[in-house]
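Q: I'd like to go over a predicted model; first the sequence, then the structure.
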Amino acid sequence: MTLKLTSPVLVGRDAPRVLTTEDLSVLLTGPRGAPSRNALFRWIHAKEAEGLLYRVARGLYLNNAAWPPPQPKEAAGHVRRGAIVSLQKVLGEACVLNNYTYVVTCIVPWMGGSFPNVGRVDTAGAYFWFHAMPYKVVMAGRPEDRLHSEEYWCAVATPERALLDWIYLSRARHRPMSGPPLDVELDLLDARRLDRLARAMDLVDALNDYRERVRAYWAAPDVQANAAV
């Protein structure tokens, strides 16, 4: 059985960007019904070889025929439901951090009950690192303050929110992480947005303390001497 898509559904700006095996089975369903499992996977493997599909994880693919081409971080919400790209990944892309990371760092809303499955997830196409935060904290603040308004095709925190997520997690009782570094470019952040989010997340004192430590770091004679070189 030869499988063909009957429309350019995988091509262009309106095409699906992240696809599961089940999604592809539905797209390939024709008048004779859904493809057999063997036929489906032969088609998937062929499209991987052509570069049309890029496997992120088992049963999860990026559609390289979509425009603009999708990035591995767009699959974060499929790897862990509800995940928001944040922390080092966002701050690195915004040039707030001096060191860029290829690891897709995310937060996952915690609704209570058993602690969610977090930590590092190595997939065929990307490395993800998930951290859990209480749902009410994840939702704190205006949507336009905490989530990027640009077209990212997935949930991405603003740089201001990414920094505050990091500060929050460094103070968390459950699996705290090391706090953000001091050699950061805070001037690249929107100070008013940062203050609004800090109030909403009850992190005003923690943010002010961090700001003071950053200022002290940049004012240190040895740091200024290195910057002048």
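A: In hand now; what should we look at?
Q: quick one: low-confidence ranges for the protein?
A: Filtered on pLDDT under 70, the chain yields the residue ranges 1-8, 150-151, 225-229.
Q: longest helix of it?
A: As assigned by DSSP state H, the longest helix anywhere in the chain is helix 204-219.
Q: most centrally placed residue in the protein?
A: Val85 (2.2 Å; C-alpha atoms, centre = their mean).
Q: Just list the residues touching the closest residue to it other than its chain neighbours, thanks.
A: In space, and not counting its chain neighbours, Val85 is closest to Val156: 4.6 Å by C-beta to C-beta, 6 or more residues apart in numbering. In short, each C-beta sits where N, CA and C put it, glycine included. Val156 sits next to 73, 84-86, 90, 147-148 when contact means C-beta atoms under 8 Å, 6 or more residues apart in numbering.
Q: Quickly name whichever of the residues you listed is closest to Ala172.
A: Ser86 (14.0 Å; C-beta to C-beta).
Q: how many neighbours does the closest one have?
A: Number of residues near Ser86 (other C-beta atoms under 10 Å) recorded here: 30.
Q: From Phe41, how far off is it?
A: Using C-beta to C-beta, to the nearest Å, we find Ser86 at a distance of 34 Å from Phe41.
Q: and if you look at Ala76?
A: With C-beta to C-beta as the criterion, Ala76 and Phe41 are 25 Å apart.
Q: just Asp202 next, same as before
A: Per C-beta to C-beta, Asp202 is found 50 Å from Phe41.
Q: same check, this time on Gly113
A: 36 Å.
Q: Between these two, which has more neighbouring residues?
A: Just comparing Gly113 and Phe41: by other C-beta under 10 Å the higher neighbour count belongs to Phe41, 13 against 6.
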